[in-house]
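Q: What follows is a protein structure lacking sequence information:
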């Protein structure tokens, strides 16, 4: 829908971030407008008669009726190019690092006015025929991962000209294809997914280095994950561990609606982290989008879309990208607040009726794909959910579970017992586990599916018996069931627990994870053999299981040999029990 009256646009009414304007010519739904003399950015959300309703992305204090309104003729778009890696941005992808305490109202581009230059190396020559997604050139010095300038979607034909090798400003035109200029930095509407040639069924797991996830609830590259958990359950630490250790090429961290001091702590911690891949700073291959709770509400709503658009930009270069959104609950609260201001009919707990559709559209942008240029790339989305009071039945959590492939529920009781990561094995799931198990069995680890099944069954049996133990005591159980309770403890403490502060165990490679699980299962199996042979269960329970429980701390991140030695020592000790 487009409205094209005559005369200058002007503000008619201001209600917080909601602005009504009259006589705004040449604008359409979802277009950007500049409000007032400062040019505050806003998005058209409704057009009725001669009144255009705009949601402002900045604080509207001082904006009064009669102020000018200028249509910009384009939707909200993100500038995609060099300079993203290692940067800190607001929800509209405006740099914050050089802005001091606050961005100036209506600011665009870099707050310090600089125009950084980047080294461009052409990979085609004038006259070469190219298609959409073809690599026109490479950018050097823009980060630890290779960056490329690609032919934009929908553009095919001969190369009219290509820039010489050298340093060019980020907004420079570096090529022309069939009359279409190609800039080093291109703008893309954040609410529109970038096109791909084909969506793929990914059979490869995203390695996180966290045993509770890699062993029990793995996620495929291009998958989707929700991480619900109440206050104090360790969401932020778990997400930071995944950001540091996962085998993605690029991390996009979206701090959506979190407290300013917490977001500042996250940024400080990210800055201090060492990248285990390169030895440099982890932030060098991370894009941080910080939109805190004291920033404008609708910029918070846009930040999620901005983050996934940035991820798609890197995906189109053939990279694996992980988007960490912390948290989608604050994003949903922004939707609820905006809906109440516009008079939309509220649904459950005041959220708009379109909440489920909005969540689905966000998670749908994840996936493993063949890009327009023929490369393989992926976007994996991990969204934290902060249910009020830990209520897992509230709308955001309930709807999110419908659209994700994996759920890593953080349990308050585990966290209070200092069991970290506090991923609940009873309330979490992975819909990718079967496919990933088949991939492991066919490639690198034939025993992975059976190992996971045995550990899962043992934990479920131990949980089932826990209530009986509370009622009648451990001595009232049959011997084999007592061993099941013991086995659950060995798996929990010896395999699933993992300290983010440990130099040796903050990350666990696939070989170490497999060795620890097999050691625990072998020890439990030996205990079952002992009670079957007539050894009293009490005698088995009195054994010191320290070697198998401490193996995770004794062995390094990839050290399966030490785990095997400790497993043998533990089995020898059990062989002396009679």
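A: In hand now; what should we look at? Keep in mind that this is a model prediction, so the values were computed, not measured.

Q: Show me the domain layout of the protein.
A: The chain breaks down by automatic domain parsing into domains covering 2-76, 115-187, 198-431, 448-575.

Q: Check these for me and report the most buried one.
A: Highest mean neighbour count of the domains of the chain: domain 198-431, a mean of 21 (counted as mean count of other CB atoms under 10 Å). The way it works is simple: take the backbone N, C-alpha and C, and place the C-beta from them, glycine included.

Q: Could you pull out the strands in the stretch 301-450 of the chain for me?
A: 320-326, 367-370, 376-385, 406-407, 429-430 (DSSP state E, counting those that start in this stretch).

Q: for the third one, packing partners?
A: If contacts are counted by 3 or more CB pairs under 8 Å, 6 or more residues apart in numbering; DSSP states H and E, strand 376-385 sits against strand 224-228, helix 235-245, helix 297-315, strand 320-326, helix 328-342, helix 355-364, strand 367-370, helix 395-403.

Q: Would you reformat the ones you listed as CSV and include mean pLDDT and distance to residue 152?
A: Below are the helices and strands packed on strand 376-385 laid out as CSV (pLDDT from 0 to 100; distance: least, CB to CB, whole Å):
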stretch, mean pLDDT, distance to residue 152
strand 224-228, 97, 27
helix 235-245, 89, 30
helix 297-315, 92, 12
strand 320-326, 95, 19
helix 328-342, 88, 29
helix 355-364, 95, 22
strand 367-370, 96, 17
helix 395-403, 95, 30
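
Q: could I get the ones you listed as CSV with distance to residue 119?
A: Output for these, formatted as CSV (distance: least, CB to CB, whole Å):
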stretch, distance to residue 119
strand 224-228, 36
helix 235-245, 28
helix 297-315, 19
strand 320-326, 23
helix 328-342, 37
helix 355-364, 35
strand 367-370, 28
helix 395-403, 41
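
Q: Residue 501 belongs to a strand?
A: No - counting by DSSP: H, G, I helix; E, B strand; the rest coil, residue 501 is located in no strand; its state is coil.

Q: Check the spacing between it and residue 240 real quick.
A: Distance, residue 501 to residue 240, using CB to CB, to the nearest Å: 12 Å.

Q: which residue sits closest to residue 379, ignoring its sequence neighbours?
A: Among residues not flanking residue 379 along the chain, residue 311 sits closest, at 4.6 Å (CB to CB, 6 or more residues apart in numbering).

Q: I'd guessed the one you found sits against residue 321; true?
A: Yes - judged on CB atoms under 8 Å, residue 311 makes contact with residue 321 at a distance of 4.3 Å.

Q: shared neighbours of these two, which are they?
A: 250, 252, 379 (CB atoms under 8 Å, 6 or more residues apart in numbering).

Q: partner residues bridging the first one?
A: Put plainly, it is residue 250. Beta-bridge partners for residue 250, by DSSP bridges, are residue 321.

Q: Pretty sure it sits against residue 147.
A: No - with contact defined as CB under 8 Å, residue 250 does not reach residue 147; the gap is 10.1 Å.

Q: How is residue 154 assigned, secondary-structure-wise?
A: coil.

Q: Quick check, it in contact with residue 132.
A: Yes - at 6.1 Å, residue 154 counts as touching residue 132 under the criterion of CB under 8 Å.

Q: joint contacts of residue 250 and residue 147?
A: Joint contacts of residue 250 and residue 147 (CB under 8 Å, 6+ apart) are residue 85.

Q: For residue 267, see how far away residue 511 is.
A: Going from residue 511 to residue 267 by CB to CB gives 34 Å.
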